[in-house]
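K.L.:
sequence and predicted structure below; questions after.
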Amino acid sequence: MNRPIRTGIAGTLESNDCQVTVEPSHDDTVTIRLESVVKARFGHQIEKAIRDTCDQMQLTGATVSVNDKGALDFTIKARVETAVKRSL
Amino acid sequence: MKYTPMEPYQYKESYSPKSFPEFKSARQNHAVQRVQSLDELFAKIQLQDGMTISFHHHLRNGDAVMNLMLDEIIRRGIKDLTVAASSVFPVHTSLAKAIEANFVTQVVTAYMSGAVADAVSEGKCLYPCVMQTHGGRALSIESKKLKIDVAFIAAPAMDHQGNLSGRQGRAACGSLGYAIADAYYADTVVAITDTVEPLNHIDIPYICVDAMLTVDSIGDPAGIVSGTTRITKDPVGLAIAKKTVELMDAAGFIRDGLSFQTGAGGISLAVAASLHQKLKEKKVVGSFASGGITGTLVDMFEQGLFEKLYDVQCFDLSAVASIEKNKNHIAISASQYGNPYNPDNIVDRLDVVILGASEIDLDFNVNVTTGFDHRILGGSGGHADTAYGSKFAIIVSKLVSSRISVVVDRVTTITTPGDTVDALVTDYGIAIHPRHSELLEQLKKTTRLPMVSMKELLDIANQLCGTPQLIHPKEKVVALMEYRDLSLLDVIHQCDDSL
């Protein structure tokens, strides 16, 4: 499993992008915090994209905060992956 | 009795001309009364509970006059007013206050954004608001269906006799087109200015005006016109603009006599810039451009690419400068612009109009009034008027921005019926309304334009974004969509503000 040792950030707050922050946490779970301009319409799909990426990267003991400005799934996945790598 | 559209909307091929008599031109020995203070003004106009007052929006987000009057109305405790404003902007916070405390119980307008739009969307206005079009507003006033008791006209300059001009003064805004119907048909007309001097040109004659009040400032010039209007730098937007002009050319519109209108949005302006190149290349001269006039159109006109500009509203300083100096840059009223029963209305003479959309559906209905969450974000303005009048109404938009697709199954609110919309140009292809099947075949055969169906665009968008969850509004109806012929096109429900 991959456990963050520092804060990793990726992405921007421009339209169509998102900013992802991965931080170490004290337990063995991954907590996702999502803020999104399209949460009412696509909240579940965005959370799934984040969760899937974290699982694929075998992330544990982390808080993943995503501030989404309407990014598409491939952008979200790429930003999460980069932020996770930067936190390890 | 509040203002309300009654007849349901039905598409009409044409409207037979009607005339709407006004009495003011025949006024004799008329003198405009100068008042020195708000107290003296309100003593004269005798504003009563339940009356209808009106404002124009040429000072746009710099307007100080509506707030000044509504603050005074709140102070005096006058209740249950209807505000008929040609448009409402974020600066109009006093109107939002007046709505929340029932001093104002209905708004009739062609566009609203900011605090007032939020108050209405959240169900805080006692009676349903009526969302009009610019041409429909003129028709409703001239036909006396919308009876204005007192019109407050912000005038950038006034002479001592009481004639009004939009072209002088520190808050100069050019054309006063949206205030003309109010001036001729309201029972009482109050002109408010910060500049009294001899006029070079009269936009509204003194015979319309009953009282004049001088104040320190009618508005902040910085909010009235933008110094420059800017064309999008986004390569995707520019590519859409280029394809749009190619479509106009392939459909046979780029020829001498072309009449054209475009909005001031980034992509719409880019279409004008692309058209500029194309007209030069083909050595073609258009007959006129109309609408809200921008510097981009003024440039084309001054280089001889259009013979005339018909201007109901100047969008920037270069349009204001041009209307003052160019004889063929002609100020028109909202009725001459878009009243369907006005035999000379400009929109009926348009070949092509370029318009935006926040949503467009499989039937080509367009929404520019609400967001997907049913919250009011704007309104028709001249959208529905020009789409009806023009031979070819083209919607330009990116297919997806910020995960929201412009193409949807069914628009949240109908601003402009699909009966009057002809094409959609996006970065994923061009859709043509099925009524133009011959044109579509011709375009497929003779051009390399990327023709797609609306359904194909919807499928692409759903693949990119995922299928959106539907957002249900509350039950209460907060606004009525009034079509330009004063029929009822759609309704807007209260938005769910827990989202």
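P.N.:
Happy to help now that I have it.

K.L.:
let me see the contact set for whichever residue of chain A sits closest to chain B.
P.N.:
As assessed by Cβ to the nearest Cβ, chain B sits closest to A:G70 within chain A, at 2.6 Å. The C-beta positions use only the backbone N, C-alpha and C, and glycine is treated the same way. By Cβ atoms under 8 Å, 6 or more residues apart in numbering or on different chains, the contact list for A:G70 reads A:S15, A:N16, A:S36, A:V37, A:V38, B:S401, B:S402, B:R403, B:I404.

K.L.:
check contacts around residue 72.
P.N.:
Unless you meant another one, I'm taking chain A. A:N16, B:V400, B:R403, B:L464, B:C465.

K.L.:
nope, chain B
P.N.:
Per Cβ under 8 Å, 6+ apart, neighbours of B:E72: B:L38, B:F42.

K.L.:
can you map out the strands along chain A?
P.N.:
Assigned strands in chain A, in chain order: A:8-11, A:18-24, A:30-36, A:62-68 (criterion: DSSP state E).

K.L.:
B:R76: which of the ones you listed is closest?
P.N.:
strand A:30-36 (44.4 Å; Cβ to Cβ).

K.L.:
partner strands of the closest one, parallel or antiparallel?
P.N.:
strand A:62-68 (parallel) (DSSP bridges).

K.L.:
buried ones in the partner strand?
P.N.:
Under the neighbour-count criterion of 16 or more other Cβ atoms under 10 Å in any protein chain shown, strand A:62-68 has A:A62, A:T63, A:V64, A:S65, A:V66, A:N67, A:D68 buried.

K.L.:
need the max-distance pair from the residues you listed.
P.N.:
A:A62 and A:D68 (17.9 Å).

K.L.:
dump the buried residues of strand A:62-68 to CSV, plus pLDDT.
P.N.:
Shown next, in CSV, are the buried residues of strand A:62-68 (pLDDT from 0 to 100):
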residue, pLDDT
A:A62, 97
A:T63, 97
A:V64, 98
A:S65, 98
A:V66, 98
A:N67, 98
A:D68, 98
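
K.L.:
now render these as a markdown table, adding distance to B:L126.
P.N.:
Output for the buried residues of strand A:62-68, formatted as a markdown table (distance: Cβ to Cβ, whole Å):
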| residue | distance to B:L126 |
| --- | --- |
| A:A62 | 51 |
| A:T63 | 47 |
| A:V64 | 46 |
| A:S65 | 42 |
| A:V66 | 41 |
| A:N67 | 38 |
| A:D68 | 38 |
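
K.L.:
name the nearest residue to residue 35, ignoring sequence neighbours.
P.N.:
I'll assume chain A. A:N67 (5.0 Å; Cβ to Cβ, 6 or more residues apart in numbering or on different chains).

K.L.:
if you could check chain B rather than the one you did, that'd help
P.N.:
B:L41 (4.6 Å).

K.L.:
near the one you found, how many other residues are there?
P.N.:
By other Cβ atoms under 10 Å in any protein chain shown, the residues close to B:L41 number 21.

K.L.:
what of B:A387?
P.N.:
Counted with other Cβ under 10 Å, B:A387 comes out at 29.

K.L.:
pretty sure it sits against B:A423.
P.N.:
No: look at B:A387 against B:A423 with Cβ atoms under 8 Å: they stay out of range, at 11.1 Å.

K.L.:
shared neighbours of these two, which are they?
P.N.:
B:A393.

K.L.:
buried stuff in stretch B:117-127?
P.N.:
Across stretch B:117-127, burial judged by 16+ other Cβ under 10 Å covers B:A117, B:D118, B:A119, B:V120, B:S121, B:E122, B:G123, B:K124, B:C125, B:Y127.

K.L.:
which residues does B:I267 contact?
P.N.:
B:T232, B:G237, B:I240, B:A241, B:G356, B:V396, B:S397, B:K398.

K.L.:
secondary structure element for it?
P.N.:
Per DSSP states H and E: B:I267 is located in helix B:266-281.

K.L.:
just for chain A, where's the confidence low?
P.N.:
Scanning chain A for pLDDT under 70 picks out no residues.

K.L.:
how about the residues of it by chain B?
P.N.:
Neighbours of chain B within chain A, by Cβ under 8 Å from any Cβ of the partner chain: A:15-16, A:37-38, A:40-45, A:69-73.

K.L.:
wait, which of these is closest to B:L59?
P.N.:
For these, the nearest to B:L59 is A:S15 (29.7 Å; Cβ to Cβ).

K.L.:
A:T75 is in contact with that closest one, correct?
P.N.:
No: A:S15 is beyond contact range of A:T75, at 11.4 Å (criterion: Cβ under 8 Å).

K.L.:
secondary structure class for B:K233?
P.N.:
coil (DSSP: H, G, I helix; E, B strand; the rest coil).

K.L.:
can you show me the helices along the stretch 251-400 of chain B?
P.N.:
For the stretch 251-400 of chain B, applying DSSP state H, counting those that start in this stretch gives helices covering B:266-281, B:295-302, B:317-325, B:334-338, B:383-389.

K.L.:
just the CA atoms of the fourth one, as CSV, please.
P.N.:
Read it as helix B:334-338. C-alpha atoms of helix B:334-338 as CSV (Å, rounded to 0.1, in the frame of the first residue of the first chain):
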residue,chain,number,x,y,z
ALA,B,334,-36.8,49.0,-29.2
SER,B,335,-40.1,49.1,-31.3
GLN,B,336,-38.2,49.8,-34.5
TYR,B,337,-35.8,47.1,-33.5
GLY,B,338,-38.0,44.2,-32.6
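
K.L.:
who's in contact with the residue most central in space within chain A?
P.N.:
Most central in chain A under Cα atoms, centre = their mean is A:V80, positioned 4.2 Å from the mean C-alpha point. Taking Cβ under 8 Å, 6+ apart, we find A:V80 in contact with A:A10, A:V20, A:V22, A:A49, A:I50, A:T53, A:C54, A:V64, A:V66.

K.L.:
picking that back up, and the buried residues of stretch B:117-127, which two are the farthest apart?
P.N.:
So, the buried residues of stretch B:117-127 by Cβ to Cβ: farthest apart are B:D118 and B:Y127, at 17.2 Å.
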